[in-house]
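Visitor: Mind looking at a prediction? Sequence and model below.
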Amino acid sequence: MATISLDKVRKVYAGGVEAVKGVSIDIADGEFIVLVGPSGCGKSTLLRMIAGLEEISDGEIRIGDRVVNRVEPADRDIAMVFQNYALYPHMTVYNNLAYGLKNRGEPKDEIDKRVKEAARILEIGDFLDRKPRQLSGGQRQRVAMGRAIVRKPAAFLFDEPLSNLDAKLRVQMRIEIKRLQETLGTTSVYVTHDQLEAMTLAHRLVVLNHGRIEQIGTPLEVYEKPASTFVAGFIGSPAMNLIPVKAKDGRLHLESGEGLDAPDGFGAEHALLGVRPEDLQVDADGAENADALSLRMKVIAVEPVGAESYVHGRVAGVVDDVVVRVPAKAEFSAGAELNLKASRDRLHVFDAANGGRLNG
Amino acid sequence: MQTKRITFNNRWLPYLLVAPQLAITLVFFIWPASQALYQSVLREDAFGLSSEFVWFENFETLFDDPLYLSSFKVTLVFSAGTTLLSMGAALLLAVMADRVIRGSTFYKTFLIWPYAVAPAVAGVLWWFMFNPTIGILAYTMRQLGYDWNHTLNANDALLLIIIAAAWKQVSYNFLFFLAGLQAIPRSLIEAAAIDGAGPQKRFWTIVFPLLSPTAFFLMVVNIVYSFFETFAIVHATTAGGPGQATSILVYKVWRDGFVSLDLGGSAAQSVILMLIVISLTVVQFRFIERRVEY
Ligand SMILES: Nc1ncnc2c1ncn2[C@@H]1O[C@H](COP(=O)(O)OP(=O)(O)O)[C@@H](O)[C@H]1O
Ligand SMILES: [Mg+2]
């Protein structure tokens, strides 16, 4: 059990690549933190610095109240689950779990007790005599988890542990990881590029972009109030629609001419109006309303996903397709013209120049 | 996996295609081998004027000959020494190279060098360096208080051919070890580091066991090499001497046959060598078939 705190942590690789550009996070004891961001944004680098597998170029990392910048991985009291599981191929499952305990000189019967206990929790007791190659992907994943929990470390570090599993198993293991973390209450840092995984697992999300933190917050905070257009586009699927607007006389004008009242204290001239696909309603009469956003969209495709459908279409003055979430029963065909409405309190306003959020 | 079946239109074409390979095998292997077998049961006088069929008498003489038995022993020591030295040095170099390079080919190219050197040249090279009168290494050792003289001292001579033979083989072993090391995922080493294993422990409990299939394969290759491909090295450095101290089996075959003109005895020796190479090949093939997979 421990807190982890990162203070202006930077990483510059030997080639000069600055993978992490000054990141500060305070992780509470027992908290489940998910680092999320697109591939190459520096998630793994950050995690590996916490683990001690990469040197810290600048800044400070503390685990508990100890600065660990110069502490060997073995002495940081952490356990890590790797993307490829990194099981020792020549050892049985039992020995894979026991290896870390043996290296620390635990007595034999204590090792046996802890390995059996971990095996019971993860339901891998039947495979203890097998080699990793004789296990399925899901079973290997469990062994990797077992190797982490058997040592009862102060923190778990996960680097995309589910990305080698098929979709169904991924959902199942995601739930198990969440349950396990809740039961054990061990501080965890989890890296993923999958926003859904991030949303479902995290107590708090850390959204990273190009080595910088875009936003830290609970999944709902991040979803409801994305701090930037980057976060808005990354969290949520389908992504938030971003519509360019111009401010004039206290109103925001779309390029197609429609407009609505600007939010209080709005200063910028060019802005992006964000609206989530589920916040757009198809409106039959199309009457304009000063307090709501209205759009006219020409349908180009309908994507049924079962419980609902995503309607893609074009809106004058918007480069990207606008997407609307509709009930599966609703029938629209390509070429149809739709009137869309979104209530004002569901709108997000971003600065067009730097992508920062403008409304509260 | 299924082998693809190819049908030829002309029924003679396939035979024509394998003919060169067959001819080479026939002329350079089957024919000499059968000659050796045939000669090993004959006794011929030194001038090759008459020969008489003697059954296995040549083999009996051979195993009663203390010189032959001692040559066997020398060969075993030489082979074990060469294999251990060349594999040990190669593993050490590979571990160091793996740590530094990971991908850069410069050192690799550099270290492959000795393999391209002809055995006789390798022999001469080391002969010069260890030469008691002009050799730099012999000189250095004398400065350090050891009077190196492989022309008089049997142990020095044996050590010399071991070093020369091992040196030539190091690069070959190095390449295999390096490839083996680079095939071990970095994350395994990192996992072991987090699991509390220091560098030494990681090497002996993770890296070395994962390299052992490679090591076993190399061991067979190196034994075969030291038994059969070191004639030129011995010839160029010690010529089997002093006395018969470095007269390994292949060297003795040649000397007894072509210098002492004991064709029957020499043929019997080559038949025995043939049996050894066949059994080593069997071991190697069985191993490759059942290659340890993780
Ligand atoms: N060992 C390394 N040497 C140099 N650059 C690296 C190294 N590892 C990662 N990088 C670079 O650092 C950046 C972040 O990488 P990484 O942390 O692996 O991203 P993520 O895990 O978010 O996909 C990338 O631009 C990547 O190319
Ligand atoms: Mg990564």
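Guide: In hand now; what should we look at? This structure is a prediction, so every number in the text was calculated from the model and none was measured. Ligands and ions are numbered 1, 2, ... in the order given.

Visitor: Low-confidence stretches in chain A?
Guide: Residues of chain A that meet the criterion pLDDT under 70 lie in A:1, A:257-258, A:263-268, A:285-291.

Visitor: now for the top strand by length along chain A, which elements pack on it?
Guide: Ordering each strand of chain A by length in residues (DSSP state E) puts strand A:292-304 first. Here strand A:292-304 touches strand A:308-314, strand A:322-327, strand A:337-343, going by 3 or more C-beta pairs under 8 Å, 6 or more residues apart in numbering or on different chains; DSSP states H and E. Every C-beta, even on glycine, is put in place using the N, C-alpha and C of the backbone.

Visitor: chain center to the last one, what's the gap?
Guide: Spelled out, it's strand A:337-343. Centroid separation between strand A:337-343 and its chain, computed with C-alpha atoms, centre = their mean, to the nearest Å, is 30 Å.

Visitor: Now do the same for the nearest residue in space to residue A:91 that is not next to it in sequence: helix, strand or coil?
Guide: Of all residues not flanking residue A:91 in the chain, residue A:99 sits nearest, at 6.8 Å (C-beta to C-beta, 6 or more residues apart in numbering or on different chains). Secondary structure for residue A:99, judged by DSSP: H, G, I helix; E, B strand; the rest coil, is helix.

Visitor: tally of neighbours for residue A:309?
Guide: As a burial measure, residue A:309 scores 18 neighbours (other C-beta atoms under 10 Å in any protein chain shown).

Visitor: Quick check, it in contact with residue A:323.
Guide: No: using C-beta atoms under 8 Å, residue A:309 is not in contact with residue A:323, being 10.4 Å away.

Visitor: any residue of stretch B:203-212 up close to chain A?
Guide: Yes: applying C-beta under 8 Å from any C-beta of the partner chain, one finds stretch B:203-212 in contact with chain A at B:205, B:206, B:209, B:210.

Visitor: can you pull the contacts of the second one?
Guide: In this structure, residue B:206 makes contact with A:88, B:184, B:188, B:189, B:192, B:197, judged by C-beta atoms under 8 Å, 6 or more residues apart in numbering or on different chains.

Visitor: Repeat that for the first one.
Guide: With contacts defined as C-beta under 8 Å, 6+ apart, the neighbours of residue B:205 are A:99, B:192, B:197.

Visitor: Can you tell me how far it is from residue A:99?
Guide: 8 Å (C-beta to C-beta, to the nearest Å).

Visitor: so what's in contact with the two at the same time?
Guide: With C-beta under 8 Å, 6+ apart, residue B:205 and residue A:99 have common neighbours B:192, B:197.

Visitor: count of neighbours near residue B:25?
Guide: Going by other C-beta under 10 Å, the residues that sit close to residue B:25 add up to 12.

Visitor: Return the distance of the residue most central in space within chain B relative to residue B:117.
Guide: Geometric centre of chain B, nearest residue: residue B:225, 1.4 Å, by C-alpha atoms, centre = their mean. Distance of residue B:225 to residue B:117, computed by C-beta to C-beta: 14 Å.

Visitor: Could you count how many residues lie near residue A:96?
Guide: 27.

Visitor: repeat for residue B:54
Guide: Quick note: residue B:54 (other C-beta under 10 Å) scores 16 neighbours.

Visitor: Report the beta-bridge partner residues of the closest residue to it other than its chain neighbours.
Guide: Among residues not flanking residue B:54 along the chain, residue B:43 sits closest, at 4.8 Å (C-beta to C-beta, 6+ apart). On the basis of DSSP bridges, residue B:43 is bridged to residue B:52.

Visitor: Run through the helices of chain A in chain order.
Guide: In chain A, the helices defined using DSSP state H lie at A:43-51, A:93-103, A:108-121, A:137-149, A:167-184, A:195-201, A:219-224, A:229-234.

Visitor: Turn those helices into a markdown table, including distance to ligand 1.
Guide: Converted to a markdown table, the helices of chain A look like this (distance: least, C-beta to the nearest ligand atom, whole Å):
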| stretch | distance to ligand 1 |
| --- | --- |
| helix A:43-51 | 3 |
| helix A:93-103 | 24 |
| helix A:108-121 | 27 |
| helix A:137-149 | 18 |
| helix A:167-184 | 18 |
| helix A:195-201 | 13 |
| helix A:219-224 | 18 |
| helix A:229-234 | 13 |
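
Visitor: could the ones you listed be laid out in JSON lines, adding distance to residue B:91?
Guide: Below are the helices of chain A laid out as JSON lines (distance: least, C-beta to C-beta, whole Å):
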{"stretch": "helix A:43-51", "distance to residue B:91": "28"}
{"stretch": "helix A:93-103", "distance to residue B:91": "23"}
{"stretch": "helix A:108-121", "distance to residue B:91": "31"}
{"stretch": "helix A:137-149", "distance to residue B:91": "28"}
{"stretch": "helix A:167-184", "distance to residue B:91": "39"}
{"stretch": "helix A:195-201", "distance to residue B:91": "42"}
{"stretch": "helix A:219-224", "distance to residue B:91": "51"}
{"stretch": "helix A:229-234", "distance to residue B:91": "48"}
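
Visitor: Count the residues that sit near the closest residue to ligand 1 within the stretch 251-360 of chain A.
Guide: Proximity of the stretch 251-360 of chain A to ligand 1 (C-beta to the nearest ligand atom) peaks at residue A:355, 19.6 Å away. By other C-beta under 10 Å, the residues close to residue A:355 number 19.

Visitor: tell me the contacts of the residue nearest to it when sequence neighbours are not counted?
Guide: Computed as C-beta to C-beta, 6+ apart, the closest residue to residue A:355 that is not its neighbour in sequence is residue A:229, at 4.0 Å. Residues near residue A:229 by C-beta under 8 Å, 6+ apart: A:242, A:272, A:274, A:350, A:355.

Visitor: Same question for residue B:63.
Guide: Contacts of residue B:63 by C-beta under 8 Å, 6+ apart are residue B:69.

Visitor: what's the spacing between it and ligand 1?
Guide: 62 Å (C-beta to the nearest ligand atom, to the nearest Å).

Visitor: my read: the residue nearest to residue B:54 touches residue B:60, true?
Guide: No: between residue B:43 and residue B:60 there is no contact, the gap being 11.9 Å when judged by C-beta under 8 Å.

Visitor: Looking at the two, which one has more neighbours?
Guide: A count of neighbours by other C-beta under 10 Å puts residue B:43 above the other of residue B:43 and residue B:60, at 17 against 12.

Visitor: partners of residue A:228 in the sheet?
Guide: Beta-bridge partners, per DSSP bridges, of residue A:228: residue A:356.
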